[in-house]
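1. here is a sequence together with a model predicted from it:
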Amino acid sequence: MTGFPIHTPRLLIRSFTLDDAEAMFKVLGDPETMRFFSIWLAKLVENARGFIRWVTGMEREYGYSFWAVVEKESGEVIGDCGLAPLEGRGPQVELGCDLRRDKWNHGYATEAGAASLEYGFNELKLDRIIAVTHPDNVAARRVVEKLGMVLEGKGRHYGGESVIYAKRSPQHLPRDRLYMIFMENE
Ligand SMILES: CC(C)(COP(=O)(O)OP(=O)(O)OC[C@H]1O[C@@H](n2cnc3c(N)ncnc32)[C@H](O)[C@@H]1OP(=O)(O)O)[C@@H](O)C(=O)NCCC(=O)NCCS
């Protein structure tokens, strides 16, 4: 997989436009989907157009963001997934995903998340990507664990409690390994 938009076997991951607002309202307007979102973030996404303006603004500024997830079979936008500066500010880069409730447990978040990580490491050349979620968000935690992200600890993000997961680029070599290569080449 190279380039953007991103194609996976079942999904197309592309930039949002305001035409996606109705589809995103079906995702973000569902109280069950928003269950683990703090008031801070819920206010930001209280209307789908506000959410789309926020993520397209980040994409213009940073070159990546949370993108629209299109189910190829139906052609519908079923949610968002992608990479963004943590809490919209950085400097760390976070993986995020929200899907319409009737599309949960089809493996879509894992498929979109794996593609987003691959894009982040291979195309954006990021060294490290994190994910933050509410400690009780079992589904989100399971997804990031399936993606090989490792629990680093607890924190507070988006105005609420969080657990922090991280994954290093496969290209990343620890300092001692780099030192060994340096010594081998001497
Ligand atoms: C989190 C979310 C994106 C996951 O999407 P998804 O497409 O259903 O995820 P996947 O199907 O790839 O994987 C879900 C995994 O969680 C597991 N899971 C889901 N609900 C669970 C529960 N209540 N208890 C235990 N495991 C659960 C599934 O069994 C699956 O694991 P498995 O493949 O080992 O069986 C989706 O639930 C969602 O949109 N939630 C609301 C928004 C949200 O909280 N987003 C995350 C913000 S950090």
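-> All right, it came through fine.
2. what residues does this structure put near the ligand?
-> Within the chain, the residues that sit near the ligand (C-beta under 6 Å from any ligand atom) are 33, 36, 96-99, 104-110, 133, 137-140, 142-143. Backbone N, C-alpha and C define where each C-beta goes, glycine included.
3. wait, what's in contact with the nearest residue to A166 once chain neighbours are set aside?
-> In space, and not counting its chain neighbours, A166 is closest to I130: 4.6 Å by C-beta to C-beta, 6 or more residues apart in numbering. Contact partners of I130, counting by C-beta atoms under 8 Å, 6 or more residues apart in numbering, are L86, Q92, V93, E94, L95, M149, E152, I164, Y165, A166, K167.
4. next, work out how far apart the third one and G120 are.
-> Between V93 and G120 the computed distance is 7 Å (C-beta to C-beta, to the nearest Å).
5. how about the helices in this protein?
-> All helices of the chain, identified by DSSP state H, fall at 21-28, 39-44, 48-62, 108-122, 138-146, 175-185.
6. out of those, flag the one nearest H157.
-> helix 39-44 (9.2 Å; C-beta to C-beta).
7. sorry, back to before: tabulate the helices of the chain (JSON lines), appending mean neighbour count and mean pLDDT.
-> What follows is the helices of the chain, written out as JSON lines (neighbours: other C-beta atoms under 10 Å; pLDDT from 0 to 100):
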{"stretch": "helix 21-28", "mean neighbour count": "19", "mean pLDDT": "93"}
{"stretch": "helix 39-44", "mean neighbour count": "14", "mean pLDDT": "65"}
{"stretch": "helix 48-62", "mean neighbour count": "17", "mean pLDDT": "94"}
{"stretch": "helix 108-122", "mean neighbour count": "21", "mean pLDDT": "98"}
{"stretch": "helix 138-146", "mean neighbour count": "17", "mean pLDDT": "98"}
{"stretch": "helix 175-185", "mean neighbour count": "9", "mean pLDDT": "62"}
